[in-house]
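Chemist: Any chance you can model this:
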Amino acid sequence: MTKTYLHDKFLSIILKYNNLSKPLSILLAVSGGKDSLCLIKLIEDFNNIYNYFDTIQYIYIDHQWRNDSKQNIQHLLNYIDITNNQIYIYQISKVHMSESTIRKIRYQIILKHATKYKIRFIFTGHNQTDQLETFLLNLIRGTGVEGLSSLPFIRHIKNYIQIIRPLINIRTGDISWFCHKFNLPVWSDKTNYYYSNYRNRIRYELLPYLKEYFSPKIEYNIINFLKLSSIENEYIKQNAIKLYISSRHSYYLAIHYKTIKDQHLALQKRVLNIFFYYNFNKFLNGNIINQLTQYLHRKNEIEVSIIWEDLKIRIYRYWIYIQ
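Modeler: The predicted model follows:
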């Protein structure tokens with residue numbers, strides 16, 4: 001096997017991550033693109049030497065958006081067959097859905113599959129360019145600090161499942177070089193060139209424009225900003241979790257808001273978000289969060305009720321609880 005610096009980088013990533021103690025089973029979410037084929041080769045080469053993974057499964061979600069989707073699947077099946085590992089193909093039957101809806105469904109399918117086969121680690125081929133594009137997309141949509149680093153190296157999911165992105169610090173140009181060097185059969189997805197897709201416009205128009213007219217180091221600067229933001233965001237997150245644990249009721253679904261009302265607004269909002277996501281799997285919208293934080297500082301003790309979706313939120317005697 002010919003080793004490259006990407007092999008060395010991948011090796012250091014796997015060996016430095018303490019939770020990946022061998023042997024273990026992993027699930028790789030793949031397509032026929034260069035990121036997926038690069039990740040497949042790195043995984044297979046790594047495992048041939050170190051025998052690190054007990055089971056390697058591949059999963060592909062067919063959106064049925066393209067008229068060549070069947071040929072793409074067959075191409076992927078032929079390539080995975082060389083690895084002697086199993087691939088699972090899932091199809092999304094409704095084709096007329098938004099990209100964000102499709103993305104949610106795709107993750108639901110992948111997580112359900114991982115849960116069914118008791119696989120704790122899901123690997124995806126997201127790279128550094130994906131991170132840049134996601135940052136700019138979320139920034140345009142008006143995200144908060146949490147959304148700036150929405151593609152971290154590791155994301156912990158319920159049921160102890162973790163999503164790992166080992167290529168997240170690798171540039172797309174390096175991945176293209178790797179695929180050319182090993183003659184990997186990359187399947188060209190023509191939807192990646194449709195300018196009706198915002199991500200494609202960012203990739204082929206906005207980022208080159210910023211690089212040309214604002215700073216040739218714009219990608220490096222954004223990545224550096226994301227690293228700093230991630231550190232600060234993690235600090236806020238850890239403090240919010242501690243505050244949530246100390247403020248929640250030991251039996252009822254309630255938060256003692258007197259415990260959190262003198263804390264910084266950023267922590268108050270985080271605690272409220274943790275409460276509703278952990279107990280009801282719901283993300284609070286900005287309007288509801290603003291209402292709740294305003295009620296925390298009211299002077300009278302009048303009971304307040306807020307109807308949000310299918311929940312009745314009540315605030316009384318220093319408690320926020322769900323009836």
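Chemist: Helix or strand next in line after the helix ranked longest in the chain, which one?
Modeler: Criterion DSSP state H: the longest helix present in the chain is helix 218-247. Moving toward the C-terminus from helix 218-247, the next helix or strand (DSSP states H and E) is strand 254-256.
Chemist: Tell me which residues are up against the next helix or strand after that following strand.
Modeler: On the C-terminal side of strand 254-256, the closest following helix or strand by DSSP H and E is helix 257-260. For helix 257-260, contacts defined as CB atoms under 8 Å, 6 or more residues apart in numbering pick out Leu243, Ser246, Ser247, Leu267, Gln268, Val271, Leu296, Ile315, Tyr318, Trp319, Ile320. Placement of C-beta: from N, CA and C, glycine included.
Chemist: how about helix 257-260 as PDB, C-alpha atoms only?
Modeler: Output of helix 257-260 as PDB, limited to C-alpha atoms (Å, rounded to 0.1, in the frame of the first residue of the first chain):
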ATOM      1  CA  TYR A 257     -36.100  29.700  37.400                       C
ATOM      2  CA  LYS A 258     -35.000  31.600  40.500                       C
ATOM      3  CA  THR A 259     -31.800  29.500  40.100                       C
ATOM      4  CA  ILE A 260     -31.100  30.800  36.600                       C
END
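Chemist: pLDDT-wise, which helix or strand of this protein ranks last?
Modeler: helix 145-148 (a mean of 72; mean pLDDT, DSSP states H and E).
Chemist: hang on, Gln268 packs against His297?
Modeler: No: using CB atoms under 8 Å, Gln268 makes no contact with His297, being 9.7 Å away.
Chemist: Among the contacts of helix 257-260, which ones are in strands?
Modeler: Judged by DSSP state E, these include Ile315, Trp319, Ile320 as members of strands.
Chemist: Now do the helices in the chain.
Modeler: Applying DSSP H to the chain gives helices spanning 5-16, 34-50, 69-83, 99-116, 128-140, 145-148, 172-181, 198-201, 207-213, 218-247, 257-260, 265-280, 286-296.
Chemist: Arrange those helices in CSV, one row each, with mean neighbour count and distance to Asp62 as further columns.
Modeler: Listed next are the helices of the chain as CSV, based on neighbours: other CB atoms under 10 Å; distance: least, CB to CB, whole Å:
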stretch, mean neighbour count, distance to Asp62
helix 5-16, 15, 27
helix 34-50, 20, 14
helix 69-83, 15, 5
helix 99-116, 15, 10
helix 128-140, 19, 20
helix 145-148, 16, 28
helix 172-181, 16, 22
helix 198-201, 15, 19
helix 207-213, 13, 29
helix 218-247, 15, 31
helix 257-260, 18, 46
helix 265-280, 18, 30
helix 286-296, 15, 35
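Chemist: quick one, which of those is nearest to Gln91?
Modeler: helix 69-83 (8.5 Å; CB to CB).
Chemist: which residues do Gln268 and His297 both contact?
Modeler: Taking CB under 8 Å, 6+ apart as the criterion, Gln268 and His297 both touch Lys261.
Chemist: need the contact list for Ile307.
Modeler: Here Ile307 is in contact with Ile313 (CB under 8 Å, 6+ apart).
Chemist: in the sheet, who's paired with it?
Modeler: Lys312 (DSSP bridges).
Chemist: Would you mind measuring from it to Gln323?
Modeler: Distance, Ile307 to Gln323, using CB to CB, to the nearest Å: 10 Å.
Chemist: of the ones in strands among the contacts of helix 257-260, closest to Phe182?
Modeler: Once CB to CB is applied, the member of those that ends up nearest Phe182 is Ile320, at 56.2 Å.
Chemist: what residues does stretch 183-200 touch?
Modeler: So stretch 183-200 is contacted by 31-34, 37-38, 41, 65-66, 68, 72, 75-76, 79, 99, 133, 137, 140, 178-179, 201, 204-205 (CB under 8 Å, 6+ apart).
Chemist: make it 7 Å
Modeler: 32-34, 37, 41, 65-66, 72, 75, 79, 133, 137, 179, 201 (CB atoms under 7 Å, 6 or more residues apart in numbering).
Chemist: can you check stretch 76-91 too?
Modeler: 30, 32, 44, 56-62, 64, 73, 109, 113, 185.
Chemist: ok, back up a step: could the contacts of helix 257-260 be laid out in TSV, adding pLDDT and distance to Asn85?
Modeler: Below are the contacts of helix 257-260 laid out as TSV (pLDDT from 0 to 100; distance: CB to CB, whole Å):
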residue	pLDDT	distance to Asn85
Leu243	95	44
Ser246	94	46
Ser247	94	47
Leu267	93	45
Gln268	93	47
Val271	94	43
Leu296	80	53
Ile315	89	53
Tyr318	86	56
Trp319	90	52
Ile320	91	49
